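**Student:** okay, predicted coordinates and the sequence, questions at the end:
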Amino acid sequence: MDRYEPDARIEIVLAPRRGLTKEDVQSTVSKGESSGPAYKIVEGLLTDSPKRRTAVLIRTWEGHSYTQNDFQAIRALITELSLLSGGEYQVFLFVNVKDYNAPIFDNDQVYRDVLKSAVPQEFRDISVLWNEKLCTEWYPVIGDWQVYWHQFMPLQWFSKNHPEFDYVWNWEMDARYIGNHYHFLEQIAAFSRNVPRKHLWEQNQRFYFPEVHGIYQNYIDDTNAIIANVTSKGLLTPVWGPQSYSPKQEPLGPDPPRTSDQDNYTWGADEEADLITLQPIWDPTKTGWDFKYKIWNFAEGKSPHFSPDNPLDPSFYDPSFETLPRRVFINTQVRLSKKMLHAMHVENQAGRTMQAEMWPATVALHHGLKAVYAPHPIWLDRKWPAWYLDAVFNADGGKAARWGVDSDSVYNRDREVNFKGWSWYYTSYFPKVLYRRWLGWKAEDGLGNVGGEQWEKEYGRMCLPGMLLHPVKDVEEEQT
């Protein structure tokens, strides 16, 4: 049996077309079609089906100064994913060309010149260029195309140009993994594949803390019991199937095969996830999260408007937003299926979108696609009392099963400071400190200027378990 499907073996074009075709606009994925499973049963034996391929897009930009550690991190991704997997994964540099008017799609020489100036020679053969003008041409109705707000538009374009990939990882340039990337991503995928859909959206809101919840199965059992209890009292209606915001929105995901009460946590088990996040997925409606009203054209013709004098348009609001189903995750390092990206593309074609961290999960909610928060090892810079850790990060406003979604949400501006010492959060100082010391360099924090050659002679080299770190920016050893 061939390892890959025939359409997974097409030639890679690194300077793809920019325009839409009729096939791009029309759905190539039928309603209810699954993104998996990755295995099949033959005569009672578990055997590999043709492998599904995953693109890993490292988000970089014109003008980025590549450090030696950037080179090392990119080489590690290539070695442990592209080469080790024999093509299951393929790593790309996805380069944002800052010049809006650069004719990179009209002039081959300009494309080559920009590639040469923006990307080190070692990585030019795996680089794909794009700019914001591309997004305006693909999605003209939206009215705003800044990558800051709409990070996934170019991924949708990439997916349409590279249908050989069933999945795309959006990978931050300042993320670092201590361990083997292939093992980590495969374990994340396997975990997400095995999770059933029942209570999944509610479960996605809650952090798992081993010292509080015990083994993971205890955490799942406890979470499901809490959800079932409040549901029986009429205080919660768990998500079950597509949650369209309007009758005019036609869901692309499957309808539930049975009612929630009839399902014994079987629907969705052994189904590939359409969206995998590395932080909880939660409802921002009742929280104080800053960007919960950054919504384009769901209220017809209404959207925020930005300018140099008003870069955030904080006063933009519409009363319909209070009942608009939506979900958020923090940090855009996520895996998206081809079907997920197609659904986002269809919505953008209609002129609808939201702030980047609110967009994929909301589309998954509306279209009934499978979205999974995959817990992974996150470390803190100090020891928290377990009960207090749970009380802060799983705050529920005194209402059971409303983790992180009420007025005391940890994602509110006045509470987000609690993430400062996490090894995986965009505002944290700790990942870079930890990473520098792991490299054998000094790093300063509350412990002092600790680490480096002399420190290691006395205490030994730092040995760490597998962990994903972010942000880790500008990693260079200062000259002494």
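**Tutor:** Done, it's in. Numbering: from 1, shown residues only.
**Student:** quick one, helices of the stretch 351-480 of the chain?
**Tutor:** Taking DSSP state H, counting those that start in this stretch to define them, one finds helices in the stretch 351-480 of the chain at 359-367, 386-393, 430-439, 453-459.
**Student:** could you single out the most deeply buried of the ones you listed?
**Tutor:** When you average the neighbours per residue for each of these (mean count of other CB atoms under 10 Å), helix 359-367 leads with a mean of 27. Where you see a C-beta, it was placed from the backbone N, CA and C, and this is true even at glycine.
**Student:** chain center to that helix: distance?
**Tutor:** Distance of helix 359-367 from its chain centroid, counting by CA atoms, centre = their mean, to the nearest Å, is 12 Å.
**Student:** what about the strands in the stretch 1-150 of the chain?
**Tutor:** Assigned by DSSP state E, counting those that start in this stretch, the stretch 1-150 of the chain shows strands spanning 39-42, 45-48, 54-61, 89-96, 127-130.
**Student:** reformat those strands as a markdown table; add mean neighbour count and distance to Ala371.
**Tutor:** Formatted as a markdown table, those follow (neighbours: other CB atoms under 10 Å; distance: least, CB to CB, whole Å):
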| stretch | mean neighbour count | distance to Ala371 |
| --- | --- | --- |
| strand 39-42 | 10 | 21 |
| strand 45-48 | 9 | 26 |
| strand 54-61 | 21 | 17 |
| strand 89-96 | 23 | 21 |
| strand 127-130 | 21 | 25 |
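**Student:** closest to Ile188 out of those?
**Tutor:** Closest of the strands of the stretch 1-150 of the chain to Ile188 is strand 54-61, at 11.1 Å (criterion: CB to CB).
**Student:** elements contacting that closest one?
**Tutor:** Counting contacts by 3 or more CB pairs under 8 Å, 6 or more residues apart in numbering; DSSP states H and E, strand 54-61 packs against helix 68-77, strand 89-96, helix 153-161, strand 167-172.
**Student:** now distance to Tyr4 and mean pLDDT too, for these, in JSON lines please.
**Tutor:** Putting those into JSON lines (distance: least, CB to CB, whole Å; pLDDT from 0 to 100) gives the following:
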{"stretch": "helix 68-77", "distance to Tyr4": "21", "mean pLDDT": "98"}
{"stretch": "strand 89-96", "distance to Tyr4": "12", "mean pLDDT": "98"}
{"stretch": "helix 153-161", "distance to Tyr4": "17", "mean pLDDT": "97"}
{"stretch": "strand 167-172", "distance to Tyr4": "14", "mean pLDDT": "98"}
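**Student:** adding distance to Pro50, write the ones you listed out as CSV.
**Tutor:** Shown next, in CSV, are the helices and strands packed on strand 54-61 (distance: least, CB to CB, whole Å):
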stretch, distance to Pro50
helix 68-77, 24
strand 89-96, 15
helix 153-161, 19
strand 167-172, 14
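**Student:** so for Met462, which of these sits nearest?
**Tutor:** Met462 lies closest, by CB to CB, to one member of those: helix 68-77, at 16.0 Å.
**Student:** which strands or helices does that closest one pack on?
**Tutor:** Where contact means 3+ CB pairs under 8 Å, 6+ apart, helix 68-77 is packed against strand 54-61, strand 89-96.
**Student:** tell me what angle that helix forms with strand 54-61.
**Tutor:** For helix 68-77 against strand 54-61, the angle by axes from the mean of the first three to the mean of the last three CA atoms, to 10 degrees is 170 degrees.
**Student:** what's the offset of helix 68-77 from the middle of its chain?
**Tutor:** For helix 68-77, the distance to the chain centre is 21 Å (CA atoms, centre = their mean).
**Student:** check what contacts that helix and list those residues.
**Tutor:** If you take CB atoms under 8 Å, 6 or more residues apart in numbering as the criterion, helix 68-77 is touched by 56, 58, 91, 93, 120, 122-123, 171, 173, 176-177, 181, 439, 475-476.
**Student:** which SSE is Arg335 in?
**Tutor:** Assigned by DSSP states H and E, Arg335 falls within strand 334-337.
**Student:** pLDDT averaged over that strand, what's the number?
**Tutor:** Average pLDDT, strand 334-337: 98.
**Student:** how about the contacts of helix 68-77, which pair is most distant?
**Tutor:** Greatest spacing in the contacts of helix 68-77, by CB to CB: Val56 and Glu476 (24.3 Å).
**Student:** quick check: Val372 vs Leu365, distance?
**Tutor:** According to CB to CB, to the nearest Å, Val372 and Leu365 sit 13 Å apart.
**Student:** typo on my end, it should be Ile281
**Tutor:** Going from Ile281 to Leu365 by CB to CB gives 9 Å.
**Student:** give the closest residue to Met340 in space, chain neighbours not counted.
**Tutor:** Nearest non-adjacent residue to Met340, counting by CB to CB, 6 or more residues apart in numbering: Asp274, 4.1 Å away.
**Student:** mind giving me the packing neighbours of the biggest helix by length in the chain?
**Tutor:** Ranked by residue count under DSSP state H, the longest helix found in the chain is helix 216-232. Counting contacts by 3+ CB pairs under 8 Å, 6+ apart, helix 216-232 is packed against helix 200-203, helix 210-213.
**Student:** so Ala371 makes contact with Glu272?
**Tutor:** No - if you go by CB atoms under 8 Å, Ala371 and Glu272 don't touch, sitting 11.7 Å apart.
**Student:** quick one, which of the helices of the stretch 351-480 of the chain gets closest to Leu312.
**Tutor:** Comparing the helices of the stretch 351-480 of the chain by CB to CB, helix 359-367 comes nearest, at 17.2 Å.
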